[in-house]
Each structure stands twice: as structure tokens, then as C-alpha cells.
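> need coordinates for the following:
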Amino acid sequence: MKTRIEKDSLGTKEVPADALFGIQTLRAVENFPVSGWRFSRSFIRALALIKKAAAQVNLERGGLDANAGAAIVRAAQEVAEGAWDDQFPVDIFQTGSGTSTNMNANEVIASRANEILGGARGAKSPVHPNDHVNKGQSSNDVIPSAIHVAALESLVKDVIPALELLGAALKEKAEAFDPILKIGRTHLQDAVPMRLGQEFGGYASQVAHGVQRLKNVQPHLAELALGGTAVGTGLNANPAFIDGVIARLGSETGLPFVGAPSRFEALASRDACVEASGALKTVAVSLMKIANDIRWLSSGPRCGIGEIEIPSLQPGSSIMPGKVNPVIPEAVCMAAAQVIGADTAITVGGQAGNFELNVMKPMIAHNLLTSMSILANVARLFADKCVKGIKANKDITEGFIEKSLAMCTALAPKLGYDKAAEIAKEAYATGKTVRQVALEKKLLTEKELAAVLDARAMTEPGMTLEGAGG
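Okay, the predicted model is just below:
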């Protein structure tokens, strides 16, 4: 392999001749062979957009030579578009400030800019990684800003639309299933009647609440640390330069980015990321509940609950012919578990704000952006490959109602709790229905029982059981 010699403050090293990255990136690769995990496409894009915006504003303010500035802008745009993702080899578990990855970006953009200007890869003139690409910036304000840019963009353009798709699919099923009566279940035991549409309406509401929770965190993610530079004081960064960079990021993404009210808070803490992760975790918990309910409701096909059918997508067993499993709900549950676990890591990372700088930013970024990607992808799968194809088994749902001992609940206002409990106990012991036992005991007339045990009426808001049949 051909190499070139590069020098930094620690000495010299051989760098692959065809690499856009340089000596500082190589040192980080050698120092951190931990996981093999790399920063996500969304993060690299956000980091490159910051470098591009900074170069544009520096050009406008006369801080960069016109040719060098234009080359930096072009190189940063290429990075933002994913042309050089293979030139970002640094592990997630690196220096806690993310300096290694910031310098990785600086080196790649500078090297590519010099190449654009007719120079060689790895050259530091006329474009220097620190003096020009990193001008007016520090890793300490660039990396948290890149996290926020990537997170807000992912949230607005990926996660929320995916959840809205799922919520719409659940709401559509809630409306379609509204006429279908079924037995409710509490503690996994039979409860009073309800409508299948009401059950699915509850799921749709969970998702809608999740969307609102995610929207609530957006203003805090929109706050950028840019301008704080090393410790929050803004040394080496002109306020007008920073305002210009933030404005350009807003124009580029269509998102309402602003400078953080306190750059000290924005560098030292990652509270907005912790808050966003908490909202994602809540959504994950909701999706796991919904997916598990759908798994149980579709269990069978002959020896389970079987109140609904979900689409059959693939053979489910290597030994049992004809078996089909609820693979999409299972995938949802696993994705949710991953997001819940990632939230714990982010919570621990958020506490690592030692004095003026949080030093777990790469790990926080990785987990937060991965959780967003996972949730968005699995929500779409859940909607498209499962929820939209759900069918109700009306005969089964309504058949369970008459068999349920919980029907005696409607008798309690008429006969008293203890007498209703005796009827339920006898019905269970004899295998008869609550209706049959009540008729045999001649506690109510057949007409009265028909009114009191009207399952549809039990599902209507405001029904007065005391007056039924009177």
C-alpha cells in the first residue's frame, strides 16, 4: 500500500496515500479499535453542513480566500451528500468530546478542497484543516451542534412522519372495527364488553400522544451550541459569524435553529438529548404494548384468542409445516427494547458533563440517532405490513361475549354485588352462561335480562346500568 508522511504536534506517521483523512484521524483509528461502529449518515451530513455554512459565512466576511473558500464549500457539500462516507473510519467510542471525528471532517474536507484546487490529497495548503475548515469553531461546540442538527432533522423528517403513518393506520382500523363487539380483558382475565374499534382507538391515541411528546422536545433540539467554542465564552468566534452560520443551517434544512441562550449549558450538558431520548423511549413503550396486544389478539389460528387476523408474511417454522408467526409485531418489540436500552446509555451519558464539557457526546449521538432510525423504520413496517392488513374475526369476538362471566357486572346494580358474584360462580361451575343461570333463578325476566345484558349498550358512554330494563 502506498503511503504519504504527515506530521502533527506529536510527530510523524505514514498515512495511506489515497486517503482523504489525515494523521489525526489515523491516530484515532489506531487508538480506538473498540466496536466497529461508526457515526451515522445523518450525523456526518449534519457535521458537513456546519462546515459548509461556516465556510460560506467566512467567505462573506472576508475570512477566507475566495478560491479556498469555494473549494471548502464544494468539498463539504460532497461530504454532506455521502460521497466520502468511507473516509470517516473513527470508532464511536473515542475521545468524549468527539474531537477525533471533528478533525476527521476537517481533514477530509481540507484534503478534498486541495484536490479540487489541483493539489494532492493530504496537503495542508492552500486549505488547512484547522486554520480554514475549522475557522471560528471548536470540537466542543461543533459536535453538540451536529448532534442537534441531525437529531432534529431526523425527528421532523423521519420519525414523526412514520409515527403519523402508523397512527393513521390504527385510526382507520378503529373506525372500521367500531361495530364489532368483543370482550375486554383486564389482568389477562375476562372483563366487560367493549368494541374492537375502541381498543384500536386507544392504540391510535397512544401513537398520537407519542407524536406530541416528540414535538415538545423540538424547541430544545433547535438550540445550537455554535459560538461557544472551547468552554462557552466564544473565544475566536465573532458573534456575527455564528449568527450567520446558524441562519444558513436553518435555510439549508428548513428547520428553526437558534443559538443556545446559554452556550455554557449547551457545551456542559446534553439535557436536550436526554429529553429527546426519554420521549423516544415512551414511544417505544407504547409500540411494544400495541404490538404485544396485536400478537395476543391474533394468536392461534385455532387454539389461541384469534379475535383478529394479521397478514401472513413468511413461513414461521423450520420443523412445523404451515406455521406462520407474527413477525412484524415481534420486530416492533425487539426494536422497542433496543430503544429502551439505548435510553439508559444516553441517561448515563447525559450526566457526564464534567465542569464545562460533556464527554460522552459520541456515544449519546450514536444511540440517539440509532433509536430514531430504528423507531421510524419499524413504525413504517408496523403500519404497512401489519396494521393495514388486519382483519377482525367477528364470530369469535362476539362469541366470547356471551360466554364471559364478566357479564354479571351488569347485573350488580340490579341484584347487588354478592348475588351477581354467586351467579358468576355458578355459571363457571356448571359451564352455563350468566344469562342462563339468571333466567333459571328467575331473578329477572327474559326481557329485563335482554336489556341489562345488551353488550352494545354496555360499550356506550354514559350508559346507566341501574335503569336498564326498569
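> use CA for all of it now, contacts and neighbours both
Fine.
> next one: the residue nearest to T25 when sequence neighbours are not counted from K173, what distance?
Leaving aside its sequence neighbours, T25 sits nearest to N104 (Cα to Cα, 6 or more residues apart in numbering; 5.1 Å). For N104, the distance to K173 equals 49 Å [Cα to Cα, to the nearest Å].
> with K385 instead?
14 Å.
> just so I have it, where are all the strands in this protein?
Applying DSSP state E to the chain gives strands spanning 3-8, 11-16, 181-186, 189-195, 223-224, 258-259, 308-309, 353-354, 357-358, 391-392.
> now the helices for the stretch 201-350 of the chain?
239-253, 263-268, 271-297, 327-350 (DSSP state H, counting those that start in this stretch).
> okay, these in a markdown table with mean neighbour count, distance to K182 and mean pLDDT next?
Formatted as a markdown table, those follow (neighbours: other Cα atoms under 10 Å; distance: least, Cα to Cα, whole Å; pLDDT from 0 to 100):
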| stretch | mean neighbour count | distance to K182 | mean pLDDT |
| --- | --- | --- | --- |
| helix 239-253 | 18 | 48 | 97 |
| helix 263-268 | 24 | 52 | 98 |
| helix 271-297 | 22 | 11 | 98 |
| helix 327-350 | 21 | 22 | 98 |
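> using PDB, write down the CA coordinates of stretch 347-361.
What follows is stretch 347-361, C-alpha atoms only, in PDB (Å, rounded to 0.1, in the frame of the first residue of the first chain):
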ATOM      1  CA  THR A 347     -29.100   8.900  30.500                       C
ATOM      2  CA  VAL A 348     -25.800   7.900  31.900                       C
ATOM      3  CA  GLY A 349     -24.000   9.900  29.200                       C
ATOM      4  CA  GLY A 350     -26.000  13.000  30.000                       C
ATOM      5  CA  GLN A 351     -24.600  13.000  33.500                       C
ATOM      6  CA  ALA A 352     -21.000  13.200  32.100                       C
ATOM      7  CA  GLY A 353     -20.900  17.000  32.000                       C
ATOM      8  CA  ASN A 354     -17.700  17.400  33.900                       C
ATOM      9  CA  PHE A 355     -17.400  21.100  34.600                       C
ATOM     10  CA  GLU A 356     -17.600  22.900  31.200                       C
ATOM     11  CA  LEU A 357     -17.900  19.900  28.800                       C
ATOM     12  CA  ASN A 358     -19.900  16.800  28.400                       C
ATOM     13  CA  VAL A 359     -17.500  14.000  27.500                       C
ATOM     14  CA  MET A 360     -19.800  11.200  26.300                       C
ATOM     15  CA  LYS A 361     -21.100  13.000  23.200                       C
END
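> from the chain's centre, how far out does it sit?
Distance, stretch centre to chain centre, for stretch 347-361: 22 Å (Cα atoms, centre = their mean, to the nearest Å).
> next one: stretch 251-264
21 Å.
> same check, this time on stretch 174-193
So, by Cα atoms, centre = their mean, the centroid of stretch 174-193 is 29 Å from its chain's centroid.
> okay, buried residues for that stretch please.
174, 177-178, 180-184, 190-193 (16 or more other Cα atoms under 10 Å).
> what comes into contact with it?
Here stretch 174-193 makes contact (Cα atoms under 8 Å, 6 or more residues apart in numbering) with 194-201, 204, 392, 394, 397-398, 400-401, 404-407, 409, 455-456, 458-459.
> also stretch 231-242?
Outside stretch 231-242, the residues that reach it (Cα under 8 Å, 6+ apart) are 54, 57-58, 61, 136-137, 140, 226-229, 262-264, 266-267, 356-357.
> ok, now with 6 Å
136, 227-228, 263-264, 356 (Cα atoms under 6 Å, 6 or more residues apart in numbering).
> listing partners with orientation, what would you give for the worst-scoring helix or strand of the chain on mean pLDDT?
Least confident helix or strand, the chain: strand 353-354 with a mean of 86, by mean pLDDT, DSSP states H and E. Partners of strand 353-354 in the sheet, by DSSP bridges, are strand 357-358 (antiparallel).
> pLDDT (mean, whole number) over the strand it pairs with?
When pLDDT is averaged over strand 357-358, the result is 98.
> stretch 310-324 too?
95.
> how far does it stretch from start to finish?
Using Cα to Cα, the two ends of stretch 310-324 sit 10 Å apart.
> circling back: out of the strands of the chain, which is the most enclosed?
Most buried of the strands of the chain by mean neighbour count (mean count of other Cα atoms under 10 Å) is strand 223-224; its value is a mean of 26.
> what's next to that strand, contact-wise?
145, 257-260.
> direction included, what does that strand pair against?
Within its sheet, strand 223-224 is paired with strand 258-259 (parallel), according to DSSP bridges.
> outside of the strand it pairs with, which residues touch it?
Outside strand 258-259, the residues that reach it (Cα under 6 Å, 6+ apart) are 223-224.
> before we move on, back to that, possible to save the contacts of stretch 231-242 as TSV with distance to L47?
Below are the contacts of stretch 231-242 laid out as TSV (distance: Cα to Cα, whole Å):
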residue	distance to L47
G136	15
G227	15
G228	16
R263	18
F264	20
E356	22
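> circling back: would you mind giving me the PyMOL syntax to select the buried ones in the contacts of stretch 174-193?
Buried residues among those (16+ other Cα under 10 Å), as a PyMOL selection:
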select buried, resi 194+195+196+197+198+199+200+201+204+392+394+397+398+400+401+404+405+406+407+409+455+458+459
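> restricted to helices, list the contacts of stretch 174-193.
196-201, 204, 394, 397-398, 400-401, 455-456, 458 (DSSP state H).
> show me this protein divided up by domain.
In terms of domains, the chain is parsed into 3-135, 141-394, 404-467 (source: automatic domain parsing).
> so the residue nearest to T25 touches L26, yeah?
No: N104 is beyond contact range of L26, at 8.7 Å (criterion: Cα atoms under 6 Å).
> what sits against the closest residue to I23 other than its chain neighbours?
Leaving aside its sequence neighbours, I23 sits nearest to E6 (Cα to Cα, 6+ apart; 6.0 Å). Neighbouring residues of E6 by Cα under 6 Å, 6+ apart: 12-13, 23.
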